[in-house]
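Chemist: Task: produce atomic coordinates for the following.
(4 chains)
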4 protein chains.
Amino acid sequence: MIRVGIIGSTGYAGQELVRLLLNHPEAEIVWYGSRSYVDQKFASVFGNMFQIVEDVCKDDNMEALQNEVDVIFTATPQGFCASIITEEVLSKVKVIDLSADFRIKDVSVYEEWYKIEHKSPQFIGEAVYGLCEINREEIKKARLVANPGCYTTCSILSLYPAVKEGLVDPHSIIIDAKSGTSGAGRGAKVNNLFCEVNENIKAYGVATHRHTPEIEEQLGYACNEKITLSFTPHLVPMNRGILVTAYANLKKAVSFEEVKAVYDRYYEKEQFVRVLDDSTPVETRWVEGSNYVDISFKIDPRTNRLIVMGALDNIVKGAAGQAVQNMNLLFGLPEHTGLDLVPLFP
Amino acid sequence: MIRVGIIGSTGYAGQELVRLLLNHPEAEIVWYGSRSYVDQKFASVFGNMFQIVEDVCKDDNMEALQNEVDVIFTATPQGFCASIITEEVLSKVKVIDLSADFRIKDVSVYEEWYKIEHKSPQFIGEAVYGLCEINREEIKKARLVANPGCYTTCSILSLYPAVKEGLVDPHSIIIDAKSGTSGAGRGAKVNNLFCEVNENIKAYGVATHRHTPEIEEQLGYACNEKITLSFTPHLVPMNRGILVTAYANLKKAVSFEEVKAVYDRYYEKEQFVRVLDDSTPVETRWVEGSNYVDISFKIDPRTNRLIVMGALDNIVKGAAGQAVQNMNLLFGLPEHTGLDLVPLFP
Amino acid sequence: MIRVGIIGSTGYAGQELVRLLLNHPEAEIVWYGSRSYVDQKFASVFGNMFQIVEDVCKDDNMEALQNEVDVIFTATPQGFCASIITEEVLSKVKVIDLSADFRIKDVSVYEEWYKIEHKSPQFIGEAVYGLCEINREEIKKARLVANPGCYTTCSILSLYPAVKEGLVDPHSIIIDAKSGTSGAGRGAKVNNLFCEVNENIKAYGVATHRHTPEIEEQLGYACNEKITLSFTPHLVPMNRGILVTAYANLKKAVSFEEVKAVYDRYYEKEQFVRVLDDSTPVETRWVEGSNYVDISFKIDPRTNRLIVMGALDNIVKGAAGQAVQNMNLLFGLPEHTGLDLVPLFP
Amino acid sequence: MIRVGIIGSTGYAGQELVRLLLNHPEAEIVWYGSRSYVDQKFASVFGNMFQIVEDVCKDDNMEALQNEVDVIFTATPQGFCASIITEEVLSKVKVIDLSADFRIKDVSVYEEWYKIEHKSPQFIGEAVYGLCEINREEIKKARLVANPGCYTTCSILSLYPAVKEGLVDPHSIIIDAKSGTSGAGRGAKVNNLFCEVNENIKAYGVATHRHTPEIEEQLGYACNEKITLSFTPHLVPMNRGILVTAYANLKKAVSFEEVKAVYDRYYEKEQFVRVLDDSTPVETRWVEGSNYVDISFKIDPRTNRLIVMGALDNIVKGAAGQAVQNMNLLFGLPEHTGLDLVPLFP
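Modeler: Just a heads-up that it's a prediction; the model follows:
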């Protein structure tokens, strides 16, 4: 059994890690970390866990933690993971960081977009970007995995084959993304109150959202170019789900079948990426509660653009599910272990 | 492997049966019945099942069906199951009926409340009311199980110990219930459109809802009296969940601990009934997607009333989950097989 | 023009007062009070008011305020209004208090339920309970109006005729109420976050909610008896609306027409109380954004109970609308001035 | 008083016309047309109108209608208005068509996108496109007004100044739009059921939505070029509201102030267009229930793009409100008559 410690277990991503790992046959959570609820029963914070989890939340204590577990998930605010990572920690345990601390290779880009100083840039180099479908082999050998952002996972997986194969002009990419409200976290803020979010839609972080450089970096690797793109997230009055609608200029006339063949080449064998058979738009409801990314696309000959749509559950494939997928890779387990989740509808 | 046939697999309850049985280690769905979608792929109706279910929907054909399966679930409108049940069918397969056809022992009560003629009253006698926590031993021996209604399951389990042990006057019972909209089914009706349900709450079927006699009959068995009670359902703008708030006059002064002890006597060993430790009100979000019923209660000395609150997921414990629980009993499996579902939040 | 000051203008009720008074032909808001947003533009807090309200929020300053306005609305937490009321204030301006400070005549009951000391009990006697349909004539002569609670308004108006005319046993009353989330206020609390409220229903304050003694006092006046009753509020995932489902034992057999005649006697001439023509359940969506209370009822001969349903918009008739109605009475205007609002649907 | 007839008064747009016209001081509805509810009370269909509207719904009868009213609103499916317009009708009454029948000048474009034959192409020429802010003077002289589509109004008003003034390359325009569900109409379809729409977001009509050529035509007039653009609508789980996020390549480097000055030149004197003071994203909640269009924009120097955001209430400025605004112009009334609506929040 893999002994698991979660720092930040009482956020939405942390709590979802708990849900997933409870059904994981090879893992056991032995450390429920939560600064906000130290010494309180985890199930008193999340009533769904009543009679399922009996544990009490613990304060940060890296000394103790690194000796009691095999893997640490940090589902924590930006900057935390960078502040606790040391050679000693990495020599004892695997670390899967759900924050952005180790996602961006250029520390100056990180510091510019996140407005914080990076506390341990010396580990950025060895950190592996944990997008399993792209970096599978490197993840297997990693000590420190940078679990991708939710918007990022959806955006990259939606566009990767088209960019990598040169179907589209990468400099023309516009990503219009929509997210359920759990992505905003569990902090007590007026802006996230029910009455403020319900019956409303708005953009936010226009041209400044922190997932932008992460998407640009990864898609840049795909086309071997430095690229900039437009990324606009929106807040949708629903709990879970991210939908990405991405636009890019086609480099030449292509048929649906040609593009489909390209996507199939990349994803046909991927359990968690489902490319639809036709141009039916993907919907977030069809992936809720599961680790799937659904992708479909439309070729628009009028404008000569490719419109790619991607949908995932931001807390699963966009956070906790992908983190478990990374854990499976790190520990040599079948990648889908504990992740055969049928989406819940309605 | 238990071979399963589902008639009515494209309703919300039918589709949830599919979700649950896909994760059931001892069952295999071999018949996806759906009059509305004959010859269409099941996954074309429910996109969540894409690449998971490859089957095509079939029309009703009892001849074929009874020879190909071990158990039939009928997730169908009232009257359907009664119209297809025969001695031959029951001699070949087990039947779990999710409609009301075999729930009420007095056929005249059924016909009065449901306004339809019962097509096979001769099987009402042997049908077992499939509330596992109450009728476990009889279910094990049954051929025909009448799976309880969603409101009924929540109402009965919430009140059963108090009524059975004579804590309350059963003639004083008032049940005010609230349900998510999936309980209204998947039929195309103006009243169930998003814009008609959203931002609204209303009662319906006041003093006339069909689950009333079912609750009265079962609680009547508990107190060995014929009782009438008030039952008022309400429609809530959410997908899943039933909340019951039940009021009853206490027969004598009791403490929280005394009542708790009574409830624990009935439910402490029940995996799917969770009685909270204190009077914290139960919430539907804590059971969503799972087979749990959560129960808590408050003693109000000012009015001398017991207020019991129950919450369940109407499609799981209120329909498909309980049906699987019944299947497990019928086939001698551990009752929780395939039902160890951690509630999904948020 | 009536010069209006609002203390607490940036809560949901305060903001609704602004919306209503902007369309009031005889009133003008000259003071936007808000401790939380002092010196900020009101329209920067509520974007709907952009280019409509140019004013800046002001801190409490009773000295200045009492000299600049004709009427003060206090849409403030419990205890605030009692802390600022003086003989001098009341000699200069009318005060309409949207909090509970002056609703309950017995100060010990207030202090017991609200757990705070009352700072100016000497004014409780003269304060008039501002339920216009019941206390119209007294309100006209008042200096200090205690604007009723949202649950209270809906509960009392729904039951008043039946209790007053002795149709039901007042000791048997059970009120099961459901409220939209705006009733919980605009404070930043985890419990009121979108993801915590959405897809959920729960009871709260069971047998202890503070509106209980207010309902008991007013209905007690109606039947000239001291009564206790059960009151259970629930939180519903919608912005606005309160639905009350009230149960009471009938004292004798009555017909629908008899009860309807009683209700019509009280409400036929009331513009803001609409008694439906039959037993169709009322719905909150039909009153949204308006000052109406809709009422309908069902006689259940099986249980010998009367079930009365009431619906209102908690921020309008349950708060700001009723406050404006009270203002109209205080200043000798037609009661409906500025309140001819057609409910907004969907 | 203007005597008004509404054909299609029981759809969402028709019902909103009723709400708005009930508060219009110079108009009176004398004909509530509705094929689906002939001879039924209007208030039995929309409970909000109980005790407000006593009229009964009437079947189509153009003979009678054209003699009883001064203006007809057709809030009907595509093709209907074209089928009833005659010279006789237009000689007697003004017609404001809320469908698309007379919006597109090139009948072949209409027939290609709408897949129906146009029944009276001879009137397309004289029909005026009823976007008041652009075509004010022509509307005043019209007999037949083609009321713009909801997406179209929001898209055009958001982009018009930038396109007209040559700030952006019109061939680079991408419009990603999001709509509340009332835009899908009141027809009983499974796809629009609460449980299908709630907790979901999806694109639809990708690269094929019928509002596309309407936007292209109008923006083409602005830049004096034939243009094609990408338009992608999405369905959002909320009742009302449209948000447009539009992307276009800047032709040269511009500052916020420069672009703001351009927008102010067009809209500063427009009561119903509010251009925000800074780049704060607009939100649909701030315009709900009102006739406002809110617009804000962001200049992204990284990608050299202008991102313009527009928000309106699809049933008001996107349908019924704009239709009333047109009526006011047609009858020489102040344009805002009956439309001084403060947005309802929350």
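
Chemist: residue ranges for the helices of the stretch 51-200 of chain A, please.
Modeler: Under the criterion DSSP state H, counting those that start in this stretch, helices of the stretch 51-200 of chain A are mapped to A:62-68, A:80-84, A:87-92, A:107-114, A:132-140, A:150-164, A:194-197.

Chemist: Looking at the ones you listed, which is nearest to chain B?
Modeler: For these, proximity to chain B was assessed by CB to the nearest CB; helix A:194-197 is nearest, at 11.3 Å. All C-beta atoms are positioned from the backbone trio N, CA, C, and that covers glycine.

Chemist: How about the closest one and chain C, any contact?
Modeler: Yes: with CB under 8 Å from any CB of the partner chain as the measure, helix A:194-197 is seen reaching chain C through A:194-197.

Chemist: So residue A:117 is in contact with residue A:111, correct?
Modeler: Yes: checked against CB atoms under 8 Å, the pair residue A:117 and residue A:111 is within contact range at 6.2 Å.

Chemist: neighbour-wise, which of these two wins?
Modeler: Between residue A:117 and residue A:111, residue A:111 has the larger neighbour count (other CB atoms under 10 Å in any protein chain shown), namely 14 against 11.

Chemist: State the distance from the residue located most distally from the centre of chain A to residue D:150.
Modeler: Here chain A has its C-alpha centre computed as a mean, and the residue farthest from that point, by CA atoms, centre = their mean, is residue A:302 with 33.9 Å. Between residue A:302 and residue D:150 the computed distance is 22 Å (CB to CB, to the nearest Å).

Chemist: and the nearest residue to residue A:37 once chain neighbours are set aside, what does it touch?
Modeler: Computed as CB to CB, 6 or more residues apart in numbering or on different chains, the closest residue to residue A:37 that is not its neighbour in sequence is residue A:57, at 4.3 Å. Contacts were defined as CB atoms under 8 Å, 6 or more residues apart in numbering or on different chains; by that measure residue A:57 touches A:9-10, A:32-34, A:37-42, A:45.

Chemist: quick revisit: now the helices of the stretch 51-200 of chain A as a markdown table including mean pLDDT and distance to residue B:75?
Modeler: Converted to a markdown table, these look like this (pLDDT from 0 to 100; distance: least, CB to CB, whole Å):
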| stretch | mean pLDDT | distance to residue B:75 |
| --- | --- | --- |
| helix A:62-68 | 96 | 47 |
| helix A:80-84 | 97 | 47 |
| helix A:87-92 | 98 | 52 |
| helix A:107-114 | 97 | 50 |
| helix A:132-140 | 98 | 36 |
| helix A:150-164 | 98 | 34 |
| helix A:194-197 | 98 | 33 |
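
Chemist: mind checking which of these is nearest residue D:210?
Modeler: Distances from residue D:210 to each of these were compared by CB to CB, and the smallest falls on helix A:150-164, at 26.1 Å.

Chemist: Distance from the chain centre to the closest one, please.
Modeler: Averaged C-alpha coordinates place helix A:150-164 at 12 Å from its chain's average position (CA atoms, centre = their mean, to the nearest Å).

Chemist: Where does the stretch 101-250 of chain A get nearest to chain B, residue-wise?
Modeler: Each residue of the stretch 101-250 of chain A has a distance to chain B, by CB to the nearest CB, and the smallest belongs to residue A:239, at 4.5 Å.

Chemist: The nearest residue to residue A:127 once chain neighbours are set aside and residue A:93, how far apart?
Modeler: Using CB to CB, 6+ apart and skipping residues adjacent in sequence, the residue nearest residue A:127 is residue A:102, 3.7 Å away. Residue A:102 is 15 Å from residue A:93, where distance means CB to CB.

Chemist: And the two? Which one has more around it.
Modeler: The residue with more neighbours, out of residue A:102 and residue A:93, is residue A:102; 27 against 20, by other CB under 10 Å.

Chemist: tell me the contacts of that one?
Modeler: Residue A:102 sits next to A:81-82, A:123-124, A:127, A:144, A:146 when contact means CB under 8 Å, 6+ apart.

Chemist: who in chain A is up against chain C?
Modeler: Checking chain A against chain C by CB under 8 Å from any CB, the hits are A:12, A:181-182, A:186-190, A:192-199, A:237-239.

Chemist: and those, which are buried?
Modeler: Neighbour counting by 16 or more other CB atoms under 10 Å in any protein chain shown classes A:12, A:181-182, A:186, A:192-199, A:237-239 among these as buried.

Chemist: Might you enumerate the residues of the stretch 151-300 of chain A proximal to chain D?
Modeler: Contact residues, the stretch 151-300 of chain A versus chain D (CB under 8 Å from any CB): A:174, A:176, A:178, A:180, A:195-196, A:198-204, A:206-207, A:228-230, A:232, A:234, A:236-241, A:243, A:245, A:247, A:279, A:281-285, A:288, A:298, A:300.

Chemist: Type out the PyMOL command that picks the buried ones from those residues.
Modeler: Selection command for PyMOL covering only the buried members of these, criterion 16+ other CB under 10 Å:
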select buried, chain A and resi 174+176+178+180+195+196+198+199+200+201+202+203+204+206+207+228+229+230+232+234+236+237+238+239+240+241+243+245+247+279+281+282+283+284+285+288+298+300
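
Chemist: Sort out which of the residues of the stretch 151-300 of chain A next to chain D are in strands and list them.
Modeler: The subset of these located in strands under the criterion DSSP state E comprises A:174, A:176, A:178, A:202-203, A:230, A:232, A:234, A:243, A:245, A:247, A:298, A:300.

Chemist: what's the farthest-apart pair in the residues you listed?
Modeler: With CB to CB as the measure, no two of these lie farther apart than A:202 and A:300, at 26.7 Å.

Chemist: gap between stretch A:205-220 and the chain center?
Modeler: Relative to the centre of its chain, stretch A:205-220 is centred 14 Å away, using CA atoms, centre = their mean.

Chemist: actually stretch A:264-271, not the one I typed
Modeler: Averaging C-alpha coordinates over stretch A:264-271 and over its chain gives two centres that are 19 Å apart (CA atoms, centre = their mean).

Chemist: Is residue A:219 in contact with residue A:158, as I believe?
Modeler: No: applying CB under 8 Å, one finds residue A:219 not in contact with residue A:158, separated by 10.3 Å.
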